[in-house]
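Enquirer: Sequence first, then the predicted structure:
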Amino acid sequence: MTSDQREDAAPAAQVPSGNVGEDTAPGLLPVKPRQGGFGPLTTKKWSQMDYHHPAAGWGASMSVMNVLTREREMIRGTRAIFRMNQEEVGYDCPGCAWPDDQHGLKLDVCENGIKHTTWEMTPKRVDASFFARHTVSELATWTDFDLEDQGRLTEPMAYDAATDRYVPISWDDAFALIGEELRKLDSADQASFYTSGRLSNEATFLYQLFVRELGTNNLPDCSNMCHEASGRALTASIGTGKGTADLEDWEHADALFVLGVNVASNAPRMLTTLSEAFRRGAQIVHINPLHEVGATRTIVPHDFVDMAIFRTTETSTLNVQVRPGGDLALMRAVAKATFEAEAERGGVLDHAFLAQYTEGFAEYQALVEGTSWADLVMQSGLTEAQLREVAEIYIKADSSIISWCLGVTQHEHGVDTPREFVNLLALKGNLGRLGAGPSPVRGHSNVQGNRTCGIDHRPSDEFLDRLGEVCGFEPPRHHGLDTVATIEGMHDGSVKVFVGMGGNFVMAAPDTVYTAKGLAKTDLTVQVSTKLNRSHLVHGKKALILPCLGRTERDEQKAGLQSVSVEDAMSMVHLSKGSRKPASKHLLSEPAIIAGMAKATLVDSPSPWDEFVADYDRIRDVMAGIFPGFENFNQVVRQTNGFRIAQPARERTFLTPSGRMEFSHAPLPNVIPADSETLVLQTMRSHDQWNTTIYSSNDRYRGVKNLRELILMNAEDMKARGLEQGDLVDITSTSKDGSQRHLKSYRALEYNLPRGSAAGYMPEMNVLIGIADYSTQSDQPLMKNVQVTVTRA
Ligand SMILES: Nc1nc2c(c(=O)[nH]1)N[C@H]1C(S)=C(S)[C@@H](COP(=O)(O)OP(=O)(O)OC[C@H]3O[C@@H](n4cnc5c(=O)[nH]c(N)nc54)[C@H](O)[C@@H]3O)O[C@H]1N2
Ligand SMILES: Nc1nc2c(c(=O)[nH]1)N[C@H]1C(S)=C(S)[C@@H](COP(=O)(O)OP(=O)(O)OC[C@H]3O[C@@H](n4cnc5c(=O)[nH]c(N)nc54)[C@H](O)[C@@H]3O)O[C@H]1N2
Ligand SMILES: [Mo]
C-alpha cells in the first residue's frame with residue numbers, strides 16, 4: 001500500500017478510540033473513548049504515512065519552533081539553549097545521558113533537548129489558586145498532557161480529604177508531617193523512596209544518606225525499569241556495571257553495532273556521532289525489529305551548512321530486523337561465525353587477550369559450537385545469510401563497539417543478552433582498547449550518576465562500609481525493595497509511606513491500575529516535582545506535593561550560587577549550574593528538601609544537614625571520601641569538561657571474583673511466542689514525548705499524526721486477523737500468572753516489523769503489563785515483551 005492510499009484508508013469520520021481498560025482506580029484518566037492518548041486531546045483526522053525524510057534537520061527545527069511558540073519562550077528559550085551543555089557557565093541538558101561533545105566547538109544541542117528544557121522553562125504556573133479552583137477528582141479527568149501543560153508548581157501543597165483539594169502548607173509543616181509519619185512506622189522498611197534519573201549527584205548522595213540513616217535500603221529507581229539489566233550484566237562480566245567505551249572510542253571504532261535504541265528520538269545527539277562515523281568509513285549496523293529513521297540518514301542537527309543545503313549523511317551501513325528478544329541468538333551467531341573464521345583462516349581471535357584476561361572461554365566456545373545454525377536462525381528471526389553478513393563485519397573490524405538500550409534490557413533475558421555482547425567483544429580483545437567496548441545508551445540525564453552515588457536497593461558491603469565509616473553510622477545491610485517489589489508492598493500493607501524524588505511513578509510503572517490501587521492504600525505519598533502530573537492525583541491517605549528548582553534555575557544558598565554535578569552515559573562527571581530566575585520564590589532545591597525531611601525525621605543524625613545545604617562543596621567533600629574515583633571531587637569537577645570516573649575494566653582490570661573478564665554460558669533462550677495467535681508487543685516512546693511527558697499526539701519519524709491509541713502490526717498478521725488499515729481492535733494481554741488485561745478500541749496500523757511482533761506507546765499501554773511480568777534475571781518489567789492477542793473491536 002502506498003502512503004497516499006494509506007491516508008485515504010483512514011476513515012474520514014473519526015470514531016474516537018482508546019480507553020484504559022475496564023478496570024480503573026481513583027486518580028486515573030476515566031475509561032472513555034478519546035483520541036490522542038495521554039497527550040493533547042484531538043479531533044483532527046489521524047493519519048499514517050511513510051516517513052521519507054532524514055532524521056533531525058528541518059523537521060526537527062520546525063518542531064522546536066512549535067514548542068517555543070507554544071510556551072511563549074521564543075527569546076528566553078533561545079538564549080537558554082545556547083547556555084545548555086556549555087562548560088563553566090551552563091547547565092546540563094535535562095534530557096538524555098548521551099555525552100557532550102568534548103571538542104567544545106559545536107553547539108551540541110538537539111531538538112528533544114530543546115523541547116525538554118523549554119518544557120521546564122514555561123512561564124505558566126500552578127499556584128494555590130489553581131488548586132483552589134480544581135478538586136483532585138476533577139483534575140483526574142484531564143489528560144496527562146493537560147496536567148503538565150498547566151506549568152510549574154510554585155509552593156508546597158497538602159491534600160485535604162474534606163474538600164478533595166490540595167491546600168497550601170508551609171515547608172516546615174510539610175517536613176514535620178513527613179517526620180511524624182516516618183517515625184510512626186514499626187520499621188524503616190515500611191517506607192520506600194523512589195528516584196527518577198535526573199537527580200544531581202549531590203542530591204542523590206543526601207537522599208540515600210537520609211534513607212540509610214533512617215534504616216532501610218528501600219531505594220527503588222527508574223533504573224529498575226531501564227538499565228538494571230545492563231548494570232547486572234556488566235558487573236558479572238567485567239566487574240563494574242558501566243560501559244567502557246567513551247566518545248573518543250566511538251570516533252575510532254571500525255564497526256558500531258547499535259541494538260534496540262530509537263536514536264533519532266531518544267538519543268538524538270548520537271546521530272552526529274553516527275554520521276561522523278559513516279563519513280570516515282566505519283561500518284554501522286542497526287539491529288532492531290523496527291527500521292527506525294535514525295538508522296537511515298540524518299541532517300546533522302547543529303551543522304549549519306548541512307542544514308542550509310539539506311545535505312544528508314547516512315547513519316547506517318546495514319539494518320537487520322531481528323525478532324523481539326532475538327538479540328542473544330543473533331550475537332551468538334556472530335560468535336559462531338567468528339569461531340568458524342578462526343578455524344578456516346586463523347588470525348581472527350585475540351588469543352593473547354583470551355589467555356591473559358578471561359575466564360570460561362573454552363566452555364563458551366563449546367557452547368557456541370554446539371548451537372546449530374538452524375536454532376540461531378529460528379531464534380533470531382533472520383536468515384543464515386543475514387547472520388553471516390553481520391558476522392563478517394565483526395570479523396573484519398579491528399575494533400568494535402556494541403551499544404544498546406531498552407530493546408535489549410526490557411526483556412526476560414535482559415542480563416544474558418548484554419553478557420553475550422561482552423562474550424563476543426572479548427573474542428577479539430575488544431575490551432579496554434581504543435575504539436572498542438560495550439556502550440549502553442543510558443536514559444535519564446543522570447541515571448548513571450544516581451547509581452554511582454548510592455541509589456541502589458542492593459548496595460555492596462564495600463560501599464556500605466565506607467558510607468558508615470565516613471558518615472558515622474551503621475547502614476542497614478539487608479537488601480531493599482525495587483520498583484515492582486514496592487508496588488507489591490503497597491498492596492500487602494508492608495509499604496505505608498512512598499516518597500517520589502522526581503518522576504511520575506504511577507505512569508512509569510507497569511500495571512497502571514494495580515499500581516494506582518497500591519498507592520491509594522498508603523498512609524502518605526510525597527512527590528517532589530517540578531510539574532503537575534498524575535502521581536499527584538493518585539495519592540495516599542495523606543499526600544504532599546513539594547515543588548523544587550529545575551536544573552536551569554539559579555540555586556542560591558548561604559555560601560552563594562551553587563552548582564551540582566551529573567554523570568553522563570560514558571562516566572564523565574561535570575558541573576551543571578542554573579542561571580534562570582526560579583519559577584517561584586517558594587521553591588527549594590532538591591538538596592534542601594532532602595535535608596528538610598532528614599532533619600524532621602532523624603533523631604540524633606550525625607550528619608551536618610544545614611552545612612550540606614549552605615554549601616554543596618561540603619557534600620562533595622564527604623562524597624570524595626566514599627566513592628572511588630571522586631578523590632579531590634571539588635577540584636576535579638571544576639576542571640574544563642569535568643572528570644572521568646575511573647572504569648577499571650577500561651584498563652583491563654576486572655573486579656570480578658576471578659579477577660578476569662568472565663564469559664557467560666547462557667543457554668539459547670526460546671523467544672518464540674507459544675502460538676500463532678500471540679503477538680509480542682513492545683511499548684515504546686513516540687518522537688514527541690519524554691517518558692510520561694507527552695508533547696503532542698504525533699510521532700513524526702513513524703509518520704503518525706493525531707493518534708496514540710494505536711498498535712503497529714505486520715501486514716500479514718493484520719490480514720490473518722481480517723484487519724484493514726485503521727480498524728479498531730481490542731488488545732488482550734496474558735500475564736505470566738495467567739491473569740488478563742485489556743485495552744479497547746485501539747487502531748491497528750500496518751508497519752514494517754517482523755511477523756509475530758507488534759508495537760505501541762508507553763505509558764498508555766502500561767495497563768497491559770501485569771505486575772508478575774518481570775524478568776527473573778533483572779526483576780525489570782517486561783516492557784518490550786508483552787504477550788497479546790488482537791481481535792477486531
Ligand atoms: N526524546 C526522548 N528522549 C529520551 C526519552 C524520551 O522519552 N524521549 N527517554 C529517555 C530514557 S529514560 C531512556 S531509557 C531512553 C530510551 O531509549 P530507547 O531504548 O530508544 O526507547 P524506546 O522508545 O522504548 O525504544 C526502544 C527501541 O528498541 C527497539 N526494540 C524493541 N524490542 C527490541 C528487541 O527485541 N531487540 C532490538 N534489537 N530492538 C528492540 C524498538 O523498536 C525501539 O527502537 O531514551 C532516553 N531519551
Ligand atoms: N511501558 C513502558 N513503561 C516504561 C518504559 C517503557 O519503555 N515502556 N520505560 C521506563 C523507563 S526507561 C523509565 S526511565 C521510566 C521513567 O520514569 P520517571 O523517571 O518516573 O518518569 P518521567 O516521565 O521521566 O518523570 C516526569 C516528571 O518528573 C518531574 N520532574 C521533571 N524535572 C524534574 C526535576 O528536575 N526534579 C524533580 N524532582 N522532578 C522533576 C516532573 O514533575 C515530571 O512530571 O519509565 C519506565 N516505564
Ligand atoms: Mo530510562
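Expert: In hand now; what should we look at? Numbering: from 1, shown residues only. Ligands and ions are numbered 1, 2, ... in the order given.
Enquirer: Low-confidence regions, this structure specifically.
Expert: Along the chain, segments meeting pLDDT under 70 span 1-22, 51-89, 100-110, 295-312.
Enquirer: For the stretch 351-500 of the chain, just list every one of the helices.
Expert: 351-357, 361-369, 373-380, 384-396, 406-409, 416-427, 447-452, 461-471, 483-492 (DSSP state H, counting those that start in this stretch).
Enquirer: Let me have the ones you listed in a markdown table, adding mean neighbour count and distance to Ala758 as columns.
Expert: In short, each C-beta sits where N, CA and C put it, glycine included. Shown next, in a markdown table, are the helices of the stretch 351-500 of the chain (neighbours: other Cβ atoms under 10 Å; distance: least, Cβ to Cβ, whole Å):
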| stretch | mean neighbour count | distance to Ala758 |
| --- | --- | --- |
| helix 351-357 | 15 | 41 |
| helix 361-369 | 17 | 31 |
| helix 373-380 | 18 | 18 |
| helix 384-396 | 18 | 22 |
| helix 406-409 | 28 | 14 |
| helix 416-427 | 27 | 21 |
| helix 447-452 | 26 | 28 |
| helix 461-471 | 15 | 41 |
| helix 483-492 | 21 | 23 |
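Enquirer: and Gln682, which of the ones you listed is closest to it?
Expert: helix 406-409 (7.4 Å; Cβ to Cβ).
Enquirer: gap between the strand ranked longest in the chain and the chain center?
Expert: If you go by DSSP state E, the chain has its longest strand at strand 740-750. Put simply, strand 740-750 sits 24 Å off its chain's centre (Cα atoms, centre = their mean, to the nearest Å).
Enquirer: could I get it in PDB with only the CA atoms?
Expert: Extracted in PDB, the C-alpha atoms of strand 740-750 (Å, rounded to 0.1, in the frame of the first residue of the first chain):
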ATOM      1  CA  GLN A 740      -5.500 -10.900  31.600                       C
ATOM      2  CA  ARG A 741      -5.700  -7.200  30.900                       C
ATOM      3  CA  HIS A 742      -7.400  -5.200  28.200                       C
ATOM      4  CA  LEU A 743      -7.200  -2.200  26.000                       C
ATOM      5  CA  LYS A 744     -10.200  -1.500  23.900                       C
ATOM      6  CA  SER A 745     -10.700   0.300  20.600                       C
ATOM      7  CA  TYR A 746      -7.100   0.800  19.500                       C
ATOM      8  CA  ARG A 747      -6.300   1.300  15.900                       C
ATOM      9  CA  ALA A 748      -4.300  -1.300  14.000                       C
ATOM     10  CA  LEU A 749      -1.800   0.200  11.700                       C
ATOM     11  CA  GLU A 750       0.400  -1.600   9.200                       C
END
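Enquirer: Which other helices and strands does it contact?
Expert: Helices and strands touching strand 740-750, by 3 or more Cβ pairs under 8 Å, 6 or more residues apart in numbering; DSSP states H and E, are strand 710-713, helix 715-720, strand 728-734.
Enquirer: Skipping its backbone neighbours, what lies nearest Ser605 in space?
Expert: Nearest non-adjacent residue to Ser605, counting by Cβ to Cβ, 6 or more residues apart in numbering: Glu213, 5.7 Å away.
Enquirer: OK, now which residue of the stretch 251-400 of the chain is nearest to ligand 3?
Expert: Closest contact between the stretch 251-400 of the chain and ligand 3, by Cβ to the ion, is at Asn266 (9.0 Å).
Enquirer: To clarify, my last question referred to the chain.
Expert: Gly443 (2.6 Å).
Enquirer: Next, the contact list for that residue, please.
Expert: Under the criterion of Cβ atoms under 8 Å, 6 or more residues apart in numbering, the neighbours of Gly443 are Cys96, Ala97, Gly197, Cys222, Cys226, His227, Asn266, Cys405, Leu406, Asn691.
Enquirer: same question, Gln190
Expert: By Cβ under 8 Å, 6+ apart, the contact set of Gln190 is Ser494, Val495, Lys496, Val497.
Enquirer: if we can go back for a sec, just put the helices and strands packed on strand 740-750 in JSON lines and tack on distance to Gln190 and mean neighbour count.
Expert: Shown next, in JSON lines, are these (distance: least, Cβ to Cβ, whole Å; neighbours: other Cβ atoms under 10 Å):
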{"stretch": "strand 710-713", "distance to Gln190": "40", "mean neighbour count": "25"}
{"stretch": "helix 715-720", "distance to Gln190": "47", "mean neighbour count": "15"}
{"stretch": "strand 728-734", "distance to Gln190": "31", "mean neighbour count": "20"}
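Enquirer: okay, these in CSV with distance to ligand 2 next?
Expert: Listed next are those as CSV, based on distance: least, Cβ to the nearest ligand atom, whole Å:
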stretch, distance to ligand 2
strand 710-713, 13
helix 715-720, 21
strand 728-734, 11
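Enquirer: got the residue ranges for the strands in the stretch 601-750 of the chain?
Expert: Remark: strands assigned in the stretch 601-750 of the chain by DSSP state E, counting those that start in this stretch are 643-644, 661-662, 679-684, 689-690, 693-694, 704-705, 710-713, 728-734, 740-750.
Enquirer: now for those, which one comes closest to Val786?
Expert: Of all those, strand 679-684 sits nearest to Val786, with 4.2 Å by Cβ to Cβ.
Enquirer: Partner strands of that closest one and their direction?
Expert: strand 757-761 (parallel), strand 786-792 (antiparallel) (DSSP bridges).
Enquirer: Around ligand 2, pick out the residues from the protein.
Expert: Residues of the chain lying near ligand 2 by Cβ under 6 Å from any ligand atom: 148, 196-198, 222, 225-226, 406, 410, 443-444, 501-505, 508, 528-531, 533, 548, 550-551, 590, 683-684, 691-693, 762-763, 765-766, 769, 783.
Enquirer: give me that answer again for 5 Å
Expert: 196, 198, 222, 225-226, 443, 502-504, 508, 528-531, 533, 548, 550, 683, 691-692, 762, 766, 783 (Cβ under 5 Å from any ligand atom).
Enquirer: Pro582 is nearest to which of the helices of the stretch 351-500 of the chain?
Expert: Taking Cβ to Cβ, helix 447-452 is the member of the helices of the stretch 351-500 of the chain nearest to Pro582, at 22.8 Å.
Enquirer: any idea how far the closest one is from the chain center?
Expert: Averaging C-alpha positions (Cα atoms, centre = their mean) puts helix 447-452 12 Å from its chain's average.
Enquirer: And the helices in the stretch 151-300 of the chain, which stretches?
Expert: Along the stretch 151-300 of the chain, the stretches classed as helices by DSSP H, counting those that start in this stretch are 171-184, 201-214, 228-238, 247-252, 263-266, 269-279.
Enquirer: what packs against the first one?
Expert: It stands for helix 171-184. Packing partners of helix 171-184 (3+ Cβ pairs under 8 Å, 6+ apart): strand 157-160, strand 497-501, strand 524-529, strand 542-547, helix 590-601.
Enquirer: can you tell me which helix in the protein is longest?
Expert: Longest among the helix segments of the chain by residue count, using DSSP state H, is helix 327-345.
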